[in-house]
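Trainee: sequence below, structure please.
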Amino acid sequence: MPHFLDLHTTDRAALRGILDRAAAMKAARAGRPRGAGDDDQPLAGRIVALIFEKPSTRTRVSFDVGIRQMGGQTMVLSGSELQLGHGETIADTARVLSRYVDAIMLRTFDEAVLAEMAEHAGVPVVNGLTNQSHPCQIMADVMTFEEHRGAIAGRKVVWSGDGNNVCASWLHAAAQFGFDLTFTGPSALDPPDGPVGFARAAGRRVVIERDPLAAVAGADLVVTDTWVSMHDSQSARERRHNLLRPYQVNERLMAAARPGALFMHCLPAHRGEEVTNAVMDGPASVVWDEAENRLHAQKAVLRWCLGL
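Mentor: A predicted model of the protein is given here:
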């Protein structure tokens, strides 16, 4: 079953094919109304379940709109509506849903929930985000970089801040798309060993640099994410702010990168915390293209999963 669970578990050639399809689908829609359907309507007569244990703006809207543009229908469900793993096992839920829908997108906390859903589903399962990774986001990010600067292979990407799930997927992408990655942030928030090891095993240069100005020297792309989660307590937020304040992406940091370096943020952004307004709204920022490309990348992911 062609699930899309993570970048490091998906064939490298398949990932490149998905991005090529995404770029072609985006180009084919140029100048058309947002609500207009794609010409070939590949999802006509198909239904995709969108399951959200975690709240979402971009993931929910981009998947919903993309499926509708391709002629399909969506069923949007919250974790509380399904009670995943409570009262009925995830495996049984997967088996039941597979009798009703053609694919499942799951945005959840624990990666084990995603894995169990995929193991027992009879239809493709797509990772909409877990606490460990966010592969759809990084597919959109790589697409965005290549739209603006050409091939990402051989480039230097710098992650500034918390080595979280999005950072982990960037490390997976480094191996699969052939670029180097430097992490700059406090040691308490280093990225996990698994993704670091995966990138290094593929021959990519992964550097941990505590000095953010030194880290961004020669960078083609600087990426960050929010410092806090909506689930963090006030005391946890304060501790994280104190740890991460030196790693804010501001004008001084971007000026130390390579001329023409881009800035990305998966959003939502806490302006004035992990990034300044001047950078978010400045010429280096491609965050709005990045957000739009979630739509196109995910449409291509679904087509790959369904063999369309």
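
Trainee: who touches whichever strand or helix holds residue 105?
Mentor: Taking DSSP states H and E as the definition, one finds residue 105 inside strand 103-107. Applying C-beta atoms under 8 Å, 6 or more residues apart in numbering, the external contacts of strand 103-107 come out as 46, 48-54, 56, 59, 63, 94, 97-98, 113-114, 117, 121, 123-130, 302, 305-306. Every C-beta, even on glycine, is put in place using the N, C-alpha and C of the backbone.

Trainee: any low-confidence regions in the chain?
Mentor: Low-confidence segments of the chain, defined by pLDDT under 70: 83, 85, 230-232.

Trainee: for it, which segments are assigned as strands?
Mentor: With strands called from DSSP state E, the chain shows them at 47-52, 73-78, 103-107, 125-129, 156-160, 180-184, 206-208, 221-224, 262-265.

Trainee: can you put the ones you listed in a markdown table and add distance to residue 233 and mean neighbour count?
Mentor: As requested, the strands of the chain are exported to a markdown table (distance: least, C-beta to C-beta, whole Å; neighbours: other C-beta atoms under 10 Å):
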| stretch | distance to residue 233 | mean neighbour count |
| --- | --- | --- |
| strand 47-52 | 23 | 22 |
| strand 73-78 | 24 | 15 |
| strand 103-107 | 23 | 26 |
| strand 125-129 | 22 | 26 |
| strand 156-160 | 24 | 26 |
| strand 180-184 | 26 | 23 |
| strand 206-208 | 28 | 15 |
| strand 221-224 | 22 | 27 |
| strand 262-265 | 24 | 26 |
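
Trainee: nearest to residue 6 among those would be which one?
Mentor: Closest to residue 6 of the strands of the chain is strand 125-129 (C-beta to C-beta; 6.3 Å).

Trainee: now do the closest one and strand 103-107, the angle between them.
Mentor: 20 degrees (axes from the mean of the first three to the mean of the last three C-alpha atoms, to 10 degrees).
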